[in-house]
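> need a 3D model of the following:
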Amino acid sequence: MPHPRPLPDFLLHRAFRVSDAAAHGVNAERLRRSDLSKPVHGVRAAVDSHGFESFVTALSLVMRPDQFFSHTTAARLWGAPLPKAVQDDPAVHVSTVSDAPRMRRPNVRGHRLSASGVTESGGRRLATPADSWAQCASLLGTRALVAVGDHFVGRSHFETTMADLADAIIPGSRSSIAARTAVGLVRVGAESAMETWFRLAIVDAGFPEPELNVEVRDANRQLLGRVDMAWPELRIAFEYDGDHHRARDVFQHDQRRDNGFVVNGWIAVHATSADAHRPAVVFERLRQAFEQRLGRDRRSAA
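All right, here's what the predicted structure looks like:
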């Protein structure tokens, strides 16, 4: 079989509308060749183009001006941490703010919203960070929703505050109660979904709420390091060690830093992703740290 005729340069390496190709002289037979896929009706792309980003790019080409990406799809496009089950779901959320028909296409969940803030990023129309967070309240559990909120308020380039999240909640909506519960738990400072998970689990286990991203200094005010969570008055730190802590240079840095903590009277409790499934052991270590500190304080007072 002869090789397919080359496409015009402006159609190479990107998804494109069939109508745009036809307007530049590409015939229907060429658009049926095996080197092109059909991610969305009316769109063609390179056959090896697949996955979430490719599908969103293709879909954006056929969206009406009154349609935009919303809910968990918008949150994902903003880089928010989402549960694996959500990331594995092939469905994409597209909303319409008008009386026009909602989008009905394979692997698209169409919504009609009475109001939403909409912006453009990377050539795509999508709900603003605050509005996408509020829309996620109908799809995510409390801790996952808090993690998304932590992501938006914790990164300065979003310019999103907890007040913005609260204002995005639609009064009387079915998810409004869940959203208001979650926004009360959002904090500035968590740098990953697992840090959010452990912070909430620590409080649920009965410990005082920790401060986030605490700088630890020695008696001479020299910086020893920064910790994920801490109770500075007790000199107790709690660290979540993600997979990157296994790298040799990161491990060596952690060891040097923790040595500085120890000689300056700090207790550092470390957790990994395995502890999220069975947190009892690491929480027992944290309880022992509190008992040691509070017992010492009581003895000193006596």
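
> helix, strand or coil for L126?
The three-state assignment at L126 reads strand, by DSSP: H, G, I helix; E, B strand; the rest coil.

> now name the helix or strand holding the residue lying closest to A182 once chain neighbours are set aside.
Leaving aside its sequence neighbours, A182 sits nearest to L145 (CB to CB, 6 or more residues apart in numbering; 4.2 Å). The way it works is simple: take the backbone N, C-alpha and C, and place the C-beta from them, glycine included. L145 is part of helix 142-154 when elements are defined by DSSP states H and E.

> just after that helix, pick out the following helix or strand.
helix 162-168.

> next secondary structure after that next one?
helix 176-183.

> touching the helix holding L145 from outside, list them.
With contact meaning CB atoms under 8 Å, 6 or more residues apart in numbering, helix 142-154 is reached by 75, 78-83, 86, 129-130, 133, 136-137, 140, 158, 160-162, 165, 178-179, 181-183, 185-191, 193, 195-197, 200.

> now restrict those residues to buried residues only.
Among the contacts of helix 142-154, the ones that count as buried by 16 or more other CB atoms under 10 Å are 75, 78, 80-83, 86, 129-130, 133, 136-137, 140, 158, 160, 162, 165, 178-179, 182-183, 185-187, 189-191, 193, 195-197, 200.

> which members of the residues you listed are positioned in helices?
Among these, DSSP state H puts 75, 86, 129-130, 133, 136, 162, 165, 178-179, 182-183, 193, 195-197, 200 in helices.

> low-confidence bits of the stretch 201-302 of the chain, can you list those?
243-255, 296-302 (pLDDT under 70).

> all the strands of it, residue numbers only.
211-217, 223-231, 236-240, 267-271 (DSSP state E, counting those that start in this stretch).

> can you check what angle separates the last one from strand 236-240?
So the one you mean is strand 267-271. 20 degrees (axes from the mean of the first three to the mean of the last three CA atoms, to 10 degrees).

> if I look at P90, how far off is A219?
Counting by CB to CB, to the nearest Å, the gap from P90 to A219 is 56 Å.

> so for those two, which sits in the more crowded spot?
More crowded of P90 and A219, by other CB atoms under 10 Å: P90, with 10 against 7.

> my read is that one is in a helix, agree?
No - counting by three-state DSSP, P90 is not part of a helix but coil.

> leaving out sequence neighbours, find the closest residue to it.
That would be N107: by CB to CB, 6+ apart, it lies 5.0 Å from P90.

> tally of neighbours for that neighbour?
12.

> ok, now how distant is it from P279?
In terms of CB to CB, N107 sits 36 Å off from P279.

> in the stretch 1-150 of the chain, which spans are strands?
16-17, 36-37, 43-46, 67-69, 92-96, 108-112, 118-121, 124-127.

> contacts for the first one?
What it means is strand 16-17. By CB under 8 Å, 6+ apart, strand 16-17 touches G42, V43, R44, A45, L61, V62.

> rerun that using 10 Å as the cut-off
The contact list for strand 16-17 (CB atoms under 10 Å, 6 or more residues apart in numbering) reads 7-8, 10-11, 23-24, 26, 31, 36, 40, 42-45, 58, 61-62.

> and stretch 57-73, what's buried?
Quick answer for stretch 57-73 (16+ other CB under 10 Å): 57-63, 67-73.

> list the contacts for A137?
71, 145, 148-149, 165, 168-170, 173-183.

> relative to Q292, how far out is it?
When A137 is compared with Q292 (using CB to CB), they lie 40 Å apart.

> what's the domain layout of the protein?
9-57, 63-183, 193-301 (automatic domain parsing).

> okay, the ones you listed, which one's buried deepest?
domain 63-183 (a mean of 19; mean count of other CB atoms under 10 Å).

> distance of S132 from F68?
10 Å.

> okay then, goodbye and thanks.
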